[in-house]
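**Student:** Just need the structure, nothing else, for what follows:
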Amino acid sequence: MSVPRAQLLLQQDRYDEAEAELRRALADDPDNGDAHTLLAVCLAKAGRRSDAHAALDEAIRLRPDWAYPHFVRGHLLCDAGELDRARAAAAEARRLNPADAEAPALLAQIEALDHQWEAALDWAQRGLALDAEHAGCANLRAHALTKLRRHGEAAQAIEHTLRGDPQNPTSHANLGWQKLHAGQPHEALDHFREALRLEPGHDWARAGLVEALKARNPIYRLLLGYFLWMSTRSRGFRNALVVGGWLGYQVISGMTRTNPGLGPWMQPLLWAYLGFVLLTWLGVPLFNLLLLLSPHGRHALNDHQRRGAHVFAAMAAVALAALAGWGLGGGPTWLDGAGMVGLFMLPVAGWMTLQGTTRFVPVGVAVGVVGAAGGVDLGLGLVAGLSSPLLFRVFLWGTLGLVLWINFGGRGRPR
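**Tutor:** Model (predicted):
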């Protein structure tokens, strides 16, 4: 009875108890492939990904013709942001069980996370061809249609899904995101709240609720509109737009230097561009902080978002304190410190968006090294009146390198 009981515990999100049951089952029957596969789910939920993959390897060794371990592996890799490996695992699950709609649903999800919306739509429709009532495929199809700006079809698809299952929290969350894309945050709030009423732990609905609450601010509403518009584009287009914006800034800046008379006309444009770039990097933690200070909004944020808001607040406070110290006659090192902390907020804010992906740790290590170089350089200046050109170069070029690495590798943004 250990494996069936573990399945029941998994459905109730009681992962520690399920793991204990599965350990007992494997003690009695070490060659139980079902138990190894379900154990992988428990281990993944505990953050022990390498152990989870080892359990899946054992399950596949015991039952090489069984699709489910490959399907579970695809989900684990998808959650970790390893989309190419996730595709391979999902494709193998589909090869082993071509009549099941779950593998096409997973492939649609992977393509959606990679912003390949035509491919996501194609896989969702393939899944629906196998199971016309598959809620996952139906919701992924509607989500892809939204991203492809086929809003009428998307709304019809979601309404059809809700008619078939009005208690489906993902469908309500999907409709909420569709309303956000349409610039209707107040209507979106109702659907996110309904999704969370049906399933309080629904991550996608909670993420949407946070965005809809912040979008009540007109400035963030414009920023969210930009993020959602960018999410409809391919990674190549997004990267080209960033490079194009930077080149345009350089061209206009050069024009103002060679033709000073253009300054009064061009400088506002340059400042507006810089302000917008800063807002795209710092807007999310800034508005998370404002939401954290709200008596109602703070409960919508998850632990990671609260930590990010606290880090943003702490760094902003340090930068402002250094600026105040300079204003009170503290010397140029204080002004340097304010500028360095302010600049370093960009990669820190970008790094925080990578939580849950395989890039979070390596980028975090790089952030720590670059931050330490800047901190030591500032410390030498404040304590001993010394400066280290080498440490400053490490900090400056490291910060710029981190910004490029985070941006072109794909920052986490509202979906």
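**Student:** Is residue 354 part of a helix or strand, or is it coil?
**Tutor:** coil (DSSP: H, G, I helix; E, B strand; the rest coil).
**Student:** pLDDT wise, what is it at?
**Tutor:** Residue 354 carries a pLDDT value of 84.
**Student:** ok, how many other residues are close to it?
**Tutor:** Using other CB atoms under 10 Å, residue 354 has 20 neighbouring residues. All C-beta spots, glycine's among them, are computed from the backbone N, C-alpha and C.
**Student:** where does it fall, phi/psi-wise?
**Tutor:** Main-chain dihedrals, residue 354, degrees, to the nearest 10: phi -90, psi 0.
**Student:** Just give the nearest non-adjacent residue to it, would you?
**Tutor:** Spatial nearest neighbour of residue 354, excluding adjacent residues (CB to CB, 6 or more residues apart in numbering): residue 360 at 4.4 Å.
**Student:** Correct me if wrong: that neighbour contacts residue 350.
**Tutor:** No: taking CB atoms under 8 Å as the definition, residue 360 is not a contact partner of residue 350, at 11.1 Å.
**Student:** higher neighbour count, the two?
**Tutor:** residue 350 (24 against 17).
**Student:** What helices and strands are in contact with the helix or strand that contains the more buried one?
**Tutor:** If you go by DSSP states H and E, residue 350 is part of helix 332-352. On a contact count with 3 or more CB pairs under 8 Å, 6 or more residues apart in numbering; DSSP states H and E, helix 332-352 meets helix 263-292, helix 303-327, helix 360-384, helix 389-409.
**Student:** Reformat these as TSV; add distance to residue 170.
**Tutor:** Converted to TSV, these look like this (distance: least, CB to CB, whole Å):
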stretch	distance to residue 170
helix 263-292	24
helix 303-327	21
helix 360-384	25
helix 389-409	28
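**Student:** any chance of these in TSV, plus distance to residue 237 and mean pLDDT?
**Tutor:** Below are these laid out as TSV (distance: least, CB to CB, whole Å; pLDDT from 0 to 100):
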stretch	distance to residue 237	mean pLDDT
helix 263-292	16	84
helix 303-327	27	91
helix 360-384	23	90
helix 389-409	13	89
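**Student:** between those helices, which gets nearest to residue 66?
**Tutor:** With CB to CB, the closest approach to residue 66 among the helices and strands packed on helix 332-352 belongs to helix 360-384: 31.6 Å.
**Student:** Quick one: residues in contact with that closest one.
**Tutor:** 333-334, 336-337, 340, 344, 347-348, 351, 354, 386-388, 391-392, 394-395, 398-399, 402, 405-406 (CB atoms under 8 Å, 6 or more residues apart in numbering).
**Student:** out of those residues, which are buried?
**Tutor:** Buried members of these, counted by 16 or more other CB atoms under 10 Å: 333-334, 336-337, 340, 344, 347-348, 351, 354, 388, 391-392, 394-395, 398-399, 402, 405-406.
**Student:** got the angle between the lowest-mean-pLDDT helix or strand in the chain and helix 389-409?
**Tutor:** When the helices and strands of the chain are compared on mean pLDDT, DSSP states H and E, helix 235-258 comes out lowest with a mean of 80. Angle between the axes of helix 235-258 and helix 389-409 is 130 degrees (criterion: axes from the mean of the first three to the mean of the last three CA atoms, to 10 degrees).
**Student:** Helix 235-258: which residues count as buried?
**Tutor:** Result for helix 235-258 [16+ other CB under 10 Å]: buried residues 238, 242, 252, 256.
**Student:** Most widely separated two among those?
**Tutor:** Across those, no pair lies farther apart than 238 and 256, at 27.5 Å, counting by CB to CB.
**Student:** now the farthest one out in this structure, which residue is it?
**Tutor:** The C-alpha centroid of the chain is most remote from residue 261, which lies 44.1 Å away (CA atoms, centre = their mean).
**Student:** follow-up on the earlier one: tell me how far the least confident helix or strand of the chain lies from the chain's centre.
**Tutor:** Counting by CA atoms, centre = their mean, to the nearest Å, helix 235-258 is centred 26 Å from the centre of its parent chain.
**Student:** quick one: contacts for residue 170?
**Tutor:** For residue 170, counting by CB under 8 Å, 6+ apart, the contacting residues are 135, 136, 139, 195, 202, 204, 205.
**Student:** Following element in sequence after the helix or strand that contains it, please.
**Tutor:** Assigned by DSSP H and E, residue 170 falls within helix 169-181. Note on helix 169-181: by DSSP H and E, the next helix or strand toward the C-terminus is helix 185-198.
**Student:** Packing partners of that next one?
**Tutor:** Helix 185-198 packs on helix 169-181, helix 203-214, going by 3+ CB pairs under 8 Å, 6+ apart.
**Student:** ranking those helices by burial, who's on top?
**Tutor:** Mean neighbour count (mean count of other CB atoms under 10 Å) peaks for helix 169-181 among those, with a mean of 25.
**Student:** how much does it deviate in direction from helix 203-214?
**Tutor:** Going by the same axes, to 10 degrees, helix 169-181 makes 30 degrees with helix 203-214.
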